[in-house]
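> Turn this into a model:
(6 chains)
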Number of protein chains: 4
Amino acid sequence: MAKLDKRSEIVRAAVQIIADQGFHGSPMAMIAERAGVAAGTIYCYFESKDILIKELYREIEGKLLEALRVGYQTERPIRERFLHLGINFLKYFVAHPLESKYMEQFHNSPYGVDLRRGRFAKEFKDDDLLYLELFEQGVAQQVIKDLPTILLFALAFGPVITLTRDHILGFIELDDALIEKTIAACWDGIKR
Amino acid sequence: MAKLDKRSEIVRAAVQIIADQGFHGSPMAMIAERAGVAAGTIYCYFESKDILIKELYREIEGKLLEALRVGYQTERPIRERFLHLGINFLKYFVAHPLESKYMEQFHNSPYGVDLRRGRFAKEFKDDDLLYLELFEQGVAQQVIKDLPTILLFALAFGPVITLTRDHILGFIELDDALIEKTIAACWDGIKR
Amino acid sequence: MAKLDKRSEIVRAAVQIIADQGFHGSPMAMIAERAGVAAGTIYCYFESKDILIKELYREIEGKLLEALRVGYQTERPIRERFLHLGINFLKYFVAHPLESKYMEQFHNSPYGVDLRRGRFAKEFKDDDLLYLELFEQGVAQQVIKDLPTILLFALAFGPVITLTRDHILGFIELDDALIEKTIAACWDGIKR
Amino acid sequence: MAKLDKRSEIVRAAVQIIADQGFHGSPMAMIAERAGVAAGTIYCYFESKDILIKELYREIEGKLLEALRVGYQTERPIRERFLHLGINFLKYFVAHPLESKYMEQFHNSPYGVDLRRGRFAKEFKDDDLLYLELFEQGVAQQVIKDLPTILLFALAFGPVITLTRDHILGFIELDDALIEKTIAACWDGIKR
DNA sequence: TATGAATGAGAGTTCATTCAT
DNA sequence: TATGAATGAACTCTCATTCAT
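Numbers count the residues shown, from 1 in each chain, chains lettered A, B, ... in the order given. Down below sits the predicted model:
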């Protein structure tokens, strides 16, 4: 119990602080203090700051993926599936601002570059595959524009990323209606 | 002249190194060495590292704005003006990878957040105004979707930002044809 | 039995690791792991790392002393006894590289200084006495040079220590013939 | 002036503290404090603690070598040259206890092992060559025992090293007479 | 204006030891 | 007796900034 408690306290503290201040503004000592543990304790659970950061990302990504899959049906039409994924994506981030900020920090850092590099090298994760499959089928069915997958990714995700950031910073209040309009507009961007 | 020389050497060196290694991977001493000046000399021109970073951004943004304005005609149709801006935007970044990387680093950092916060607080810069005006006219003419301006920004810029990053990392080779298709797709996203 | 087992596992592990990596390269946790016990368990048998290290030395020294006494006869001539001790000494170390390395580490450290300090203060151990007696008799019989005992120690042991180190590091392969020649040369150094 | 002053203050402080407490008992902060400089200042002159330690050794070894060469004449008989070197060696260490202790610490550490390894691999330094040449000529002239050079080193140096340690620790007071007797005894050990 | 040696706070990490179980 | 998670002081090293020259 104590073990799980400490670990999750550390995770909670780390996500909070890093989401807020970025990796460089988050000394291990500060994370430890916020978690209510000693500095050395973090190293009982995570080998290094680097590994902590990557592990945090993996956990958050996992939860996001779960949320995306809820109610997702492969046999439905391309458009419907795209809207489902996009809307769930945005809703998840709106509902989980801390995780959202963390992912933002992660992607906008050398870690994110490494991640993208891996994906570009075809080392895809499950959630990449979800979209990859969708785009490929869409292109094949001539429903989606015949553009490089990476470009389709950019057209579909770029607005979502930017908007998430705006929402986090309080520049816009995203409600369900706005979320649906946004994803619909993204669909307009990629649909044929 | 010697004064201007040193200053511009510092600017050049700083952009180069920061574009490559990020703010935290760019000690002042390294910038000084690359610029061929002493460490203390930087402080004759820039009060602090923070101010250097912001000033660098201001200069780069200025050059970008100039590029956007070339051939831009307020009296042309909304769509045409949007394509002009978007295409020039992407072309500028493709042609200026160093500046592009620098802006990327800047936006993906606490500095970028400050910048956006300022803009949200209606402290707009010239290039914001360019787009602001375009979107407002487009909405009024019922050519562009009736969405909050900030959302239109996201729909129009999100893909561009994401794509620029992919290009910088070498994940996609952007030629003129692809650039035009991309911006056209962005237009599809915001047009009514 | 379980108690003895754990203790000797700890001793075995500690000698192994310390012989290999020195005192500072041998965290208690590593010793515990190698011994197959928990980190805290070591403290059931040894009050502290310091005490563990000293106790290890005592045990190894004891075994060495035993080896020296085998076949040692007080009534034989000085030279013969000296050769016996020296040769057995070297042979023991060659046959027990782990113990040899451990003693090397021990002597070349603040622990070794303390040990020597104790001996200088006339707190002799059994094996010191063995040599002490031999040298005193040798000087009395005018077979050994009339020099301070400590100098005779240095003349007799210095080469042996240095050579053991060379052997451990693989710089020389000591066989029985070479060992005998070495000790004979040491005798030349102290004999009248 | 200030530059040289600081550097030599650091060197002085480092040799003092390390001679006394060993490498692990000598934090950089303590060295800095003793030298009267800030912690970071050491890194203006030495890249790392490792490099500081090695550089210190190099400087001390250089001074020792100089002392050995004073009055050394290649054309004199083997025995005379051997006595010259050995006596100067001991006298130097007796006169420079700090340097002596430092070399002791160095040799009895992984650094020393690396050094010896290099020498074993025939990367000899000047002072090695001095002895190497002497031993080879001695063996060729049938004045010195026909043993591997490394063994001759051990026979000649082992007593000196051990004795130096004893002297440093205050176990014996080495005066010129005793030094001469010691080196003469070492000669007895290697002479044919 | 220009220098660059010097500063020192603060970073990540290690590890002997403790103690509740 | 045995555990091993937890501790926290101490370590090496970095780097933005200062200031005497």
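> list the buried ones in the helix or strand bottoming out on mean pLDDT in chain A?
None of the helices or strands of chain A scores lower by mean pLDDT, DSSP states H and E than helix A:110-120, at a mean of 82. If you call a residue buried by 16 or more other C-beta atoms under 10 Å in any protein chain shown, then helix A:110-120 has these buried ones: A:111-112, A:115-116, A:119. C-beta coordinates here come from the backbone N, C-alpha and C atoms, glycine included.
> who's in contact with A:Ser8?
With contact set as C-beta atoms under 8 Å, 6 or more residues apart in numbering or on different chains, A:Ser8 has no partners.
> so how far is A:Gly36 from it?
When C-beta to C-beta, to the nearest Å is the yardstick, A:Ser8 and A:Gly36 sit 12 Å from each other.
> swap in A:Asp166?
Using C-beta to C-beta, one obtains 33 Å as the distance from A:Asp166 to A:Gly36.
> after the host helix or strand of A:Ile161 comes which helix or strand?
Taking DSSP states H and E as the definition, A:Ile161 sits inside helix A:149-168. Reading on from helix A:149-168 to the C-terminus, the next helix or strand found by DSSP H and E is helix A:176-190.
> Now do that following helix: everything it contacts.
For helix A:176-190, with C-beta under 8 Å, 6+ apart as the criterion, the contacting residues are A:79, A:82-83, A:86-87, A:90-91, A:94, A:138, A:144-145, A:147, A:152, A:155-156, A:159-160, A:163, A:172, A:174, B:145, B:147-148, B:151, B:154-155, B:159, B:185-186, B:188-191.
> Quickly find the element holding the nearest residue to A:Ala19 once chain neighbours are set aside.
When the adjacent residues along the chain are set aside, A:Ala19 lies closest to A:Lys101, with 3.5 Å between them (C-beta to C-beta, 6 or more residues apart in numbering or on different chains). With the criterion set as DSSP H and E, the secondary-structure element containing A:Lys101 is helix A:97-107.
> Indicate whether that helix makes contact with DNA strand E.
No - if you take C-beta under 7 Å from any atom of the strand as the test, helix A:97-107 misses DNA strand E, and the best it gets is 13.6 Å.
> which other residues reach the helix or strand containing A:Glu66?
Mapping A:Glu66 onto the secondary structure by DSSP H and E places it in helix A:49-69. Applying C-beta under 8 Å, 6+ apart, the set of residues contacting helix A:49-69 from outside is A:10-11, A:14-15, A:18, A:23, A:28, A:42, A:45-46, A:85, A:88-89, A:91-92, A:96, A:99, A:102-103, A:106, A:111, A:115, A:125-127, A:130.
> List the buried residues of that helix.
Per 16+ other C-beta under 10 Å, helix A:49-69 contains these buried residues: A:49, A:52-54, A:56-57, A:60-61, A:64, A:67-68.
> With pLDDT as extra columns, can I get those residues in JSON lines?
Listed next are the buried residues of helix A:49-69 as JSON lines, based on pLDDT from 0 to 100:
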{"residue": "A:Lys49", "pLDDT": "97"}
{"residue": "A:Leu52", "pLDDT": "97"}
{"residue": "A:Ile53", "pLDDT": "97"}
{"residue": "A:Lys54", "pLDDT": "96"}
{"residue": "A:Leu56", "pLDDT": "97"}
{"residue": "A:Tyr57", "pLDDT": "96"}
{"residue": "A:Ile60", "pLDDT": "95"}
{"residue": "A:Glu61", "pLDDT": "93"}
{"residue": "A:Leu64", "pLDDT": "93"}
{"residue": "A:Ala67", "pLDDT": "93"}
{"residue": "A:Leu68", "pLDDT": "93"}
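> just the residues you listed now: which is nearest B:Ala32?
In terms of C-beta to C-beta, no member of the buried residues of helix A:49-69 lies closer to B:Ala32 than A:Lys49, at 28.2 Å.
> Isn't A:Glu99 up against A:Phe93?
Yes - the pair formed by A:Glu99 and A:Phe93 meets the contact definition of C-beta atoms under 8 Å, at 7.4 Å.
> so what's the one residue in chain A that gets nearest to chain C up against?
Distance from chain C to each residue of chain A (C-beta to the nearest C-beta) is smallest for A:Cys44, at 11.2 Å. In this structure, A:Cys44 makes contact with A:Lys6, judged by C-beta under 8 Å, 6+ apart.
> From DNA strand E, how far off is it?
Distance check for A:Cys44 against DNA strand E: by C-beta to the nearest atom of the strand, to the nearest Å, it reads 8 Å.
> ok, now A:Val37?
Using C-beta to the nearest atom of the strand, one obtains 11 Å as the distance from A:Val37 to DNA strand E.
> picking up where we left off before, now check the least confident helix or strand of chain A, is it near DNA strand F?
No - in terms of C-beta under 7 Å from any atom of the strand, no part of helix A:110-120 sits within range of DNA strand F; the closest distance is 13.6 Å.
> Report the distance from that helix to the chain centre.
Averaging C-alpha coordinates over helix A:110-120 and over its chain gives two centres that are 13 Å apart (C-alpha atoms, centre = their mean, to the nearest Å).
> Residues in contact with it: which ones?
Helix A:110-120 is contacted from outside by A:53-54, A:57, A:106-107, A:125, A:128, A:150, B:22, B:165-166, B:169, B:171, using C-beta under 8 Å, 6+ apart.
> How is chain A divided into domains?
A:1-46, A:59-190 (automatic domain parsing).
> if we can go back for a sec, which elements pack onto the helix holding A:Ile161?
With contacts taken as 3 or more C-beta pairs under 8 Å, 6 or more residues apart in numbering or on different chains; DSSP states H and E, helix A:149-168 sits against helix A:78-95, helix A:97-107, helix A:126-140, helix A:176-190, helix B:149-168, helix B:176-190.
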